[in-house]
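Enquirer: Here is the input, now give the coordinates:
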Amino acid sequence: MSAELAFLLDKVLEWKELVAPPAHGAHREQLILYFFVLNGLHDFNVLIGMGILNALLRLSSKPSLSKGQFDFVEGGACLLAT
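Expert: Residues are numbered from 1 along each chain as shown. Okay, the predicted model is just below:
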């Protein structure tokens, strides 16, 4: 999970540098828009993955799982494997 947090921190610092200089021309503005949208979607995916990993970690410490918990573990493993 520390790798995911380091990635998010890196993106925040990268975005800060991109926003600081004034934009020149529509092409640069469009490029920055696509960059922020795609990176924002990826960061959202990273946050969801961190939440799933955290839930799987908590469930792994239980001696036995209910059917619903086991289904969540299987679904989380399939999601993270893709």
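Enquirer: Return the distance of residue 30 relative to residue 36.
Expert: 11 Å (CB to CB, to the nearest Å). Placement of C-beta: from N, CA and C, glycine included.
Enquirer: Neighbour count: those two, which is higher?
Expert: residue 36 (15 against 11; other CB atoms under 10 Å).
Enquirer: Quickly note the distance from that one to residue 29.
Expert: In terms of CB to CB, residue 36 sits 11 Å off from residue 29.
Enquirer: now do residue 15
Expert: In terms of CB to CB, residue 15 sits 15 Å off from residue 29.
Enquirer: ditto for residue 60
Expert: 46 Å.
Enquirer: Same check on residue 80?
Expert: When residue 80 is compared with residue 29 (using CB to CB), they lie 35 Å apart.
Enquirer: what's the answer for residue 75, then?
Expert: Taking CB to CB, one finds residue 75 at 40 Å from residue 29.
Enquirer: in what helix or strand does residue 62 lie?
Expert: Of the helices and strands defined by DSSP states H and E, none includes residue 62.
Enquirer: So that it lines up with my notes, have the first residue be 18 from now on.
Expert: Taking 18 as the first residue, the last one we looked at is residue 79.
Enquirer: That one: how many residues sit nearby?
Expert: Per other CB under 10 Å, the neighbour tally for residue 79 reads 9.
Enquirer: Leaving aside the residues adjacent along the chain, what's closest to it?
Expert: The shortest distance from residue 79 to any non-neighbouring residue, by CB to CB, 6 or more residues apart in numbering, is to residue 86 (7.5 Å).
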